[in-house]
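In: The following block contains a protein sequence and its predicted model.
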Amino acid sequence: MEALHVQVKGIVQGVGFRPFVYRLAHEHGLNGWVLNSVEGVFIRVEGDPDELDRFVIRVSEEAPAAAQVSEIDIEEVEPEGYESFEIHFSDDVPSLETTFVSPDLATCDACVSELFDPSNRRYRYPFINCTNCGPRFTILRQLPYDRANTSMRAFKMCPECQGEYDDPSNRRFHAQPDACFDCGPQIGWVRRAEQSPALTDIEWASDRDSSDKIIAAAVELLREGGILALKGLGGYHLVCDAANEQALANLRARKHRDGKAFAVMLGGLDEVREFCQVNDAEAEQLEHPARPIVLLKKRPDVSFAVGLADKLPELGVMLPATPLQHLIVNDFGGMLVMTSGNLHDMPIVTTEADLFDQLGSIADGFVVNNREIISRYDDSVLRIFDLGEAGYVTQFVRRARGYAPAPLNLEPSAQDLAGTGSDTEGSAAEPHQLADMVTANRCVLAAGPEQKNTFTFARGGKAFNSQHLGDLEDAASFDAWLETMKLYERLMNFNPTVLVADAHPEYLPSKWAREQAKSRKLPLLECQHHHAHILSVMGENKLAGPVCGIAFDGTGYGFDGSIWGGEVLLCNLQAFERFANFAYFPLPGGAAAVKNPDRTAFGALWAFDLLDHPGAKPLLDRLSASVELLEQMIEKGINSPMTSSVGRLFDAVAALTGVCSKPTYQGEAAILLEALVHQGIAEGCLDPSNNEAYPIDLIKNTATESSTAEDTSVVLFDAAPAFKAILDDVAAGTEPALIAQRFHNAMVQVILQAAQLVYNVYGVTTVALGGGVFLNRYLSEHAVSKLIELGFTVALNRELPPSDASVSYGQAVLALNAHEPFEEE
């Protein structure tokens, strides 16, 4: 007889790992015990040596589907003569190690089958779950993941549920949210009258009949064209009939959401295919346990209600993630809008008190429940890119429920890149890089940017990027940011020893980080915004550099005090040089220009000396009385910052073509400009293989005595010729869709030219693409495919969005690889 002590690290809590180990031990005739701990799962097992070997192999290869085993440590020990195999209670010894808790999991097929089985005791129970599904992180107060440490501690299990919970052979063995109608959470119902409801107005279900009556009332309200507030895993949704144009109009008016598309929920893949084109990769994502919103191409033969996702080629679709969603979608029998339950730009509502305060005048009915949400989570959003021979690539638009806080690996591993091409010396991370700066007592906290914020904790070769937290431009959003950060610190025993912030002097998270560095006496590192974008790509793909980093976005503070956003950087993990950028143009009004593409277009035409062009007349007519004021602001340098932003160039073209001059949400102008191209291709008006592109000149930049390699580039991309050609086309009456396609193709050509220039000068063949502009499907698919054809290796964000949501992760990568001020004494 021999004995082993085994420690399993990774996502091993809340995924049925202990019962899995218990069953394996019995199958192999082994004795001992298994224990959940803050350091992972510990196994003490003894028996026949061959059976021990087979057991360890199966632990590694057959772990539960929701588990992610990152490491297994095995130590030979002396046998102690155990006579059986048992599951021990969790250890609560403090540790610097981080146990990874599973994100929330959508209702599994077995539970869905029971949900609709009249003979099952949980038939139509809105909170049915098992070890393989249900809430995890959203109900967790502290580790280890045991019922007493979750919001389920308020519900004492009935004898039947307790029996399942205690039976290692049962699917609900140690399923912490296990419950039924007799002992678990219940839903409640309120119908809005003339005034917002109150907590005392809630009618609570107590059994299946009263629960079904609430669901029936909710479904009836939806059929009548009403708006329903529905509690989910990470917060409330606002729901309405996606085919009812009046309901859509009411929801938009009440929520103050004029133009942004709504996501929808359908019951299954067959229903989704009735409305959208779905390839195998998209089908896989739709049915993933995370149940993200997947952006799918609309079927051209299907008409959609006005107000759902107007003028866009894609529709955001998700399948039910919770039992209650399954019940409502099933009983309703059609497509439902399922959008975040919040006021404009506010955090998603999680409590009933906030529900009635914030959404009381929006929803007509409210389906609540008495299971507390501990952690606020929006739905995740992603799309699938088709890169031709390189295959399909998943791009996150928003990483939240179902994915966060699953850790990102900072340890060296094989490259995960799209494309082929010869490796540049040092491009793949060596064992001494990426993770060598991480020690057990070093913990990095990267505060992230102000818009599309996430924060990132990094320790022990792992980075924990928070869920999407939105724009931190008001007190409520900033408070939610702080609250979430404290939760992470508590749950995962994070005690930051290094802080990182965006170099922007006015970003709220950066100000907070600077204050914390002073008060806690911690070292602070400031990271340039676009370097962080490229570092996030490098970190995800385990690249040490140098790489040609192309960072295109809307806004980022530059080291010369200007607003950057059209950058070509030569990067490694510690530093960057600014190789090229788009020539500057002014933004009259600063933030006002960002929200008004007409102002942006005016600033571009002023810089390009094109205001007298006949094609500029429609723009000048719209601006009318403001023209003289805008000219004075620019000429006198009053609130007219200079920018190299590619995102703003897209806005300017959208304004000049009449596509969008008054956006109702962030990024709408660029989104509609791209949509015009897809629409033209779908309708046969545009040739998808058309490579016509407006000219963009390459000119040598001029340095000054104070210039550095970080703030002054070698060459500039001058968009003036492109804008002159655009105005020529506008004056000639050229279709806006063709203008949009030619402009997109021009940007593709810039990317190819930038990569080729960096290769010619430095021999770098790896190109990293980052920044929110790469959310543009047309631009990304065309640029990546053509770069691969030219022999470049292309790295993209894969587990994080390319937008500012990835910036905090890039900041953490810098902190983990910077030599100062973190060198060991």
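Out: Now that the structure is in, tell me what you want to look at. Residues are numbered from 1 along each chain as shown.
In: List the buried residues of stretch 547-567.
Out: When burial is assessed from 16 or more other CB atoms under 10 Å, stretch 547-567 yields the following buried residues: 547-558, 560, 562-567. For glycine as for every other residue, the C-beta is placed from the backbone atoms N, C-alpha and C.
In: And stretch 309-316, by the same measure?
Out: Quick answer for stretch 309-316 (16+ other CB under 10 Å): A309, L312, P313, E314, L315, G316.
In: would you say the fifth one is within a strand?
Out: Yes: using DSSP: H, G, I helix; E, B strand; the rest coil, the assignment for L315 is a strand.
In: what's across from it in the sheet?
Out: L296 (DSSP bridges).
In: Enumerate every residue touching it.
Out: By CB atoms under 8 Å, 6 or more residues apart in numbering, the contact list for L315 reads A261, V264, F275, C276, L295, L296, K298, F304, L308, A309.
In: Repeat the analysis, applying 10 Å as the threshold.
Out: By CB atoms under 10 Å, 6 or more residues apart in numbering, L315 lies in contact with 242, 261-264, 272, 275-276, 293-299, 302, 304, 308-309, 335.
In: any idea how far it lies from A400?
Out: Per CB to CB, to the nearest Å, L315 is found 19 Å from A400.
In: Repeat that for the second one.
Out: Computed as CB to CB, the L312 to A400 distance reads 21 Å.
In: quick one, helices of the stretch 101-250 of the chain?
Out: For the stretch 101-250 of the chain, helices defined by DSSP state H, counting those that start in this stretch occupy the ranges 109-115, 159-166, 208-223, 245-255.
In: Over to the stretch 551-700 of the chain?
Out: 591-594, 597-607, 617-623, 626-636, 646-656, 668-682.
In: and stretch 243-255, which residues are buried?
Out: Here stretch 243-255 shows A243, N244, A247, L248, N250, L251, R252, R254, K255 as buried, counting by 16+ other CB under 10 Å.
In: Apologies, that question was intended for stretch 295-314.
Out: Across stretch 295-314, burial judged by 16+ other CB under 10 Å covers 295-299, 304-305, 307-309, 312-314.
In: re the thing from before, got JSON lines for the helices of the stretch 101-250 of the chain, with distance to V367 and mean pLDDT too?
Out: Conversion of those to JSON lines gives the following (distance: least, CB to CB, whole Å; pLDDT from 0 to 100):
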{"stretch": "helix 109-115", "distance to V367": "16", "mean pLDDT": "97"}
{"stretch": "helix 159-166", "distance to V367": "23", "mean pLDDT": "96"}
{"stretch": "helix 208-223", "distance to V367": "5", "mean pLDDT": "98"}
{"stretch": "helix 245-255", "distance to V367": "16", "mean pLDDT": "96"}
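In: can these go into a markdown table with extra columns for distance to D651?
Out: As requested, these are exported to a markdown table (distance: least, CB to CB, whole Å):
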| stretch | distance to D651 |
| --- | --- |
| helix 109-115 | 45 |
| helix 159-166 | 56 |
| helix 208-223 | 37 |
| helix 245-255 | 23 |
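In: quick revisit: which among the buried residues of stretch 295-314 gets closest to R459?
Out: L295 (33.4 Å; CB to CB).
In: Can you tell me how far that closest one is from E668?
Out: For L295 relative to E668 (CB to CB), the value is 16 Å.
In: and what of F717?
Out: 25 Å.
In: again with V349
Out: Between V349 and E668 the computed distance is 24 Å (CB to CB).
In: L769 against N541, yeah?
Out: No: with contacts counted by CB atoms under 10 Å, L769 stays clear of N541, the gap being 11.0 Å.
In: Show me whatever sits in contact with both of these two.
Out: A418, V794, A795, L796, N797.
In: List the beta-bridge partners for the second one.
Out: In this entry, V794 is beta-bridged to A418, V767, by DSSP bridges.
In: Please report how far it lies from V807.
Out: V794 sits 20 Å away from V807, going by CB to CB.
In: Among these two, which residue is more densely surrounded?
Out: Each of V794 and V807 has its neighbours counted (other CB atoms under 10 Å); V807 has more, 35 against 27.
In: isn't there a helix covering that one?
Out: Yes: according to three-state DSSP, V807 belongs to a helix.
In: right, and it touches D502 too?
Out: Yes: here V807 reaches D502: they are 6.8 Å apart, a contact under CB under 10 Å.
In: Need the residues touching each of these two.
Out: A446, A447, G448, P449, E450, P509, C527, H529, A532, G556.
In: Which of those residues fall in helices?
Out: When DSSP state H defines the helices, the subset of these inside them is P509, H529, A532.
In: and the second one, what pLDDT?
Out: Per-residue confidence (pLDDT) for H529: 97.
In: Burial check on it, number of neighbours?
Out: Using other CB under 10 Å, H529 has 26 neighbouring residues.
In: other SSEs contacting the host helix or strand of E51?
Out: For E51, the host element (DSSP states H and E) is helix 49-61. Where contact means 3 or more CB pairs under 10 Å, 6 or more residues apart in numbering; DSSP states H and E, helix 49-61 is packed against strand 2-13, helix 17-27, strand 40-47, strand 68-77.
In: now the stretch 701-825 of the chain, which segments are flagged as low pLDDT?
Out: 820-825 (pLDDT under 70).
In: what do you get for the stretch 401-550 of the chain?
Out: The low-confidence ranges in the stretch 401-550 of the chain, as defined by pLDDT under 70, are 411-441.
In: Helices of that one, start to end?
Out: Using DSSP H, counting those that start in this stretch, helices in the stretch 401-550 of the chain cover 475-491, 508-520, 529-540.
In: Need the winner for burial among the ones you listed.
Out: helix 529-540 (a mean of 30; mean count of other CB atoms under 10 Å).
In: what about that helix, distance to the chain center?
Out: Using CA atoms, centre = their mean, to the nearest Å, the distance from the centre of helix 529-540 to the centre of the chain it belongs to is 15 Å.
In: Any idea how far apart the tips of stretch 178-196 sit?
Out: 34 Å (CA to CA, to the nearest Å).
In: Same check on stretch 166-184?
Out: One end of stretch 166-184 to the other measures 17 Å (CA to CA).
In: Which among the helices of the stretch 401-550 of the chain is found nearest to H326?
Out: Minimum separation from H326 across the helices of the stretch 401-550 of the chain (CB to CB) falls at helix 475-491, 28.2 Å.
In: Show me what the closest one is packed up against.
Out: strand 444-446, strand 456-459, helix 508-520.
In: what angle sits between that helix and helix 508-520?
Out: Calculated by axes from the mean of the first three to the mean of the last three CA atoms, to 10 degrees, helix 475-491 forms an angle of 50 degrees with helix 508-520.
In: What is the distance between helix 475-491 and the centre of its chain?
Out: 17 Å.
In: Pick the most deeply packed of the helices of the stretch 551-700 of the chain.
Out: Comparing the helices of the stretch 551-700 of the chain by mean count of other CB under 10 Å gives helix 646-656 as most buried, with a mean of 29.
In: Sweet, I'm off.
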